[in-house]
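A.B. asks: got a predicted model here, sequence first, then my questions.
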Amino acid sequence: MELLTMSRPEIARLDACQRLEAGTLTQAEVAAQLGLCDRQVRRLLARYRSGGPAGLRSVRRGQPSNRRIAEAVLREALDLVRERYLDFGPTFANEKLRELHGICIGTETLRKAMIRADLWQARRKPYRRTHRPRERRPCFGELVQIDGSPHDWFEGRAARCSLIVFIDDATSKLVGLRFVPVESTWAYFDLLRSYIGSYGRPLALYSDRHSIFRSTHSEYTETKETQLGQALRELDIELLCATTPQAKGRVERVNRTLQQRLLRELRLRSICTIDDANGYLPEFIEDHNQRFAVAPRCQDDLHRPLDGIDLLRALCCRYERSVTAERTFQIGQNIYALDDQSIRPKTRLSIREQQDQSFEIIAGSRILAYHKLRTLTQGAIVCCGRDKVNPLPPR
């Protein structure tokens, strides 16, 4: 007895033909069941009567598909992958073959060909602890996830740097990218100023527990507010700090995507400086959002206008200092003197520092003029207005 291999549609046709021969179904009922017309049903019945169940099998079984990619095209694609896109994933490599070389093949076809040619290794996902998924916020501008990604972005062509990433939670839309030498408060101020200027104030930012966002320093023990936290409070933007990386998984996953795609785009364009990379980012953001952004559940945009808030003055570092007997105050290693000598010692000063290291000195309702007096040497302390060097500790 010969064993026949049949697909599910062929088995369904065999059952219909058998029931049609037995008289339990009519041609019209078989046509409706199989989604065929009466003429096709009569042809199937004729093939069944002449050849039995084997007559219902496809005559193309075991033969190459008529829609297969030509071997020459596939070889050209693999040669290009081997030459220029060796460390690209199949999806990203296929995008570049289509955009830059005009080779249009399926991503799955390319993936299988790369595996056969030992250009790609099929990955088995390791077991990972599952976490309860957090639903997206419904509206654009309701929550923005922020993070910094330190990485060798230029692959040795320049020093390591960090990429500051802002991504909208509702749409997965990149709303801010900026390369900076190091992740710092001023770097977030700079990108936040650009983001608010383009979209407006979001309702909330979602970050990790980096010291830029949440401080345990004794000076901030009561409020846990850092310089960035104080600026966001003035802008009426809520700051949420995640306790685990999985809680802000959307920005963590886009960091991994950027380390795969953006890094290779910089390589293809021979970009090796932070300024050139930042100049390319608007083009990359537009392309990325077209590929990966999704529509929000609600079409409302919850970004708010500034409503008269001075953005430059809000995004600054704040300090509280007391005036010394010599009418001076200290910030870092620098000593500054007040031009107004009528200010009494121990007067409390509210100080706002801008990114250019200029200060706004406020005492009560007055803005005071000042000038830089001197910079302390390393290890010096202030005592009675003079610099003294700390002595070496006894042995």
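C.D. replies: Noted; the coordinates are in hand.
A.B. asks: burial count for residue 226?
C.D. replies: For residue 226, the count of nearby residues is 20 (other C-beta atoms under 10 Å). All C-beta spots, glycine's among them, are computed from the backbone N, C-alpha and C.
A.B. asks: where in the protein is pLDDT low?
C.D. replies: Counting by pLDDT under 70, the ranges of the chain that qualify are 1-2, 125-129, 216-224, 378-395.
A.B. asks: so residue 86 versus residue 94, what's the distance?
C.D. replies: Note on residue 86: its distance to residue 94, by C-beta to C-beta, to the nearest Å, is 14 Å.
A.B. asks: and these two? Which one has more around it.
C.D. replies: Between residue 86 and residue 94, counted using other C-beta under 10 Å, residue 94 has the larger neighbour count: 24 against 11.
A.B. asks: right, and that one touches residue 108 too?
C.D. replies: No: using C-beta atoms under 8 Å, residue 94 is not in contact with residue 108; the gap is 9.4 Å.
A.B. asks: can you name the residues that contact residue 152?
C.D. replies: residue 160 (C-beta atoms under 8 Å, 6 or more residues apart in numbering).
A.B. asks: again with residue 316
C.D. replies: Residue 316 neighbours (C-beta under 8 Å, 6+ apart): 189, 231, 352, 353, 354, 355, 360.
A.B. asks: hmm, try it at 10 Å
C.D. replies: Residues counted as contacts of residue 316 (C-beta atoms under 10 Å, 6 or more residues apart in numbering) are 185-186, 189, 227, 230-231, 234, 310, 351-355, 358-360.
A.B. asks: most neighbours of all those, which one?
C.D. replies: Greatest neighbour count in the contacts of residue 316, by other C-beta under 10 Å, goes to residue 231: 23 neighbours.
A.B. asks: count of residues packed around the residue nearest to that residue when sequence neighbours are not counted?
C.D. replies: Closest residue in space to residue 231, ignoring its immediate chain neighbours: residue 315 at 5.2 Å, by C-beta to C-beta, 6 or more residues apart in numbering. Per other C-beta under 10 Å, the neighbour tally for residue 315 reads 24.
A.B. asks: skipping its backbone neighbours, what lies nearest the most centrally placed residue in the chain in space?
C.D. replies: Central residue of the chain (C-alpha atoms, centre = their mean): residue 254, 3.2 Å from the mean position. Counting by C-beta to C-beta, 6+ apart, residue 254 lies nearest to residue 167, which is 5.4 Å off, once chain neighbours are set aside.
A.B. asks: so that neighbour sits in a strand?
C.D. replies: Yes: counting by DSSP: H, G, I helix; E, B strand; the rest coil, residue 167 falls inside a strand.
A.B. asks: any idea how far residue 300 is from it?
C.D. replies: In this structure, residue 167 lies at 19 Å from residue 300, with C-beta to C-beta as the measure.
A.B. asks: show me where the stretch 201-350 of the chain has its strands.
C.D. replies: Using DSSP state E, counting those that start in this stretch, the strands found in the stretch 201-350 of the chain span residues 204-207, 238-241, 317-322, 328-331, 334-338, 348-353.
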